[in-house]
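[1] The following block contains a protein sequence and its predicted model.
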Amino acid sequence: MRRSKADWKPSDLRRLYFGFGFEVDEGGSHSIFIHPVYPQLRATVPRHAPLPKAYAAFAVKLIDELVDLMAGEDKPHLGV
């Protein structure tokens, strides 16, 4: 995902977020992923495919933020 932000599907992001412990809340046409330990980490993903590259870029930043929080670092990447 870091190398190519193109052609990611909602199911790809779902697998990624679930792999890092996020839970999902299904909205009307979007899935909202929230981390149970760090609820400030959240992402909204539409259910249509393919997704714009910005969704993959945001996922990379969000996972980096999670890794930093889990490591005990206090370096916000997203300004949340």
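    Cool, got the structure.

[2] contacts, neighbours, all on C-alpha from now
    OK.

[3] those helices in this structure, which residues are they?
    Remark: helices assigned in the chain by DSSP state H are 10-19, 53-70.

[4] quick one: the first one to helix 53-70, angle?
    When axes from the mean of the first three to the mean of the last three C-alpha atoms, to 10 degrees is applied, the directions of helix 10-19 and helix 53-70 differ by 0 degrees.

[5] Can you name the residues bridging to Arg42?
    As for beta bridges, Arg42 partners with Ile34 under DSSP bridges.

[6] Which pLDDT does the model give it?
    Looking at Arg42, its pLDDT reads 97.

[7] Does it touch Ile34 like I think?
    Yes: at 4.4 Å, Arg42 counts as touching Ile34 under the criterion of C-alpha atoms under 8 Å.

[8] residues in contact with the residue most central in space within the chain?
    The chain has Ala59 as the residue nearest its centroid, 3.7 Å off, counting by C-alpha atoms, centre = their mean. Counting by C-alpha atoms under 8 Å, 6 or more residues apart in numbering, Ala59 touches Leu13, Ala43.

[9] Leu13 and Ala71: what is the separation?
    Remark: distance between Leu13 and Ala71 (C-alpha to C-alpha, to the nearest Å) = 23 Å.

[10] higher neighbour count, those two?
    Leu13 (19 against 9; other C-alpha atoms under 10 Å).

[11] separation between that one and Thr44?
    With C-alpha to C-alpha as the criterion, Leu13 and Thr44 are 10 Å apart.

[12] Likewise for Lys9?
    13 Å.

[13] okay, the helices of the chain in CSV with distance to Gly28 and mean pLDDT next?
    Output for the helices of the chain, formatted as CSV (distance: least, C-alpha to C-alpha, whole Å; pLDDT from 0 to 100):
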stretch, distance to Gly28, mean pLDDT
helix 10-19, 14, 95
helix 53-70, 18, 94
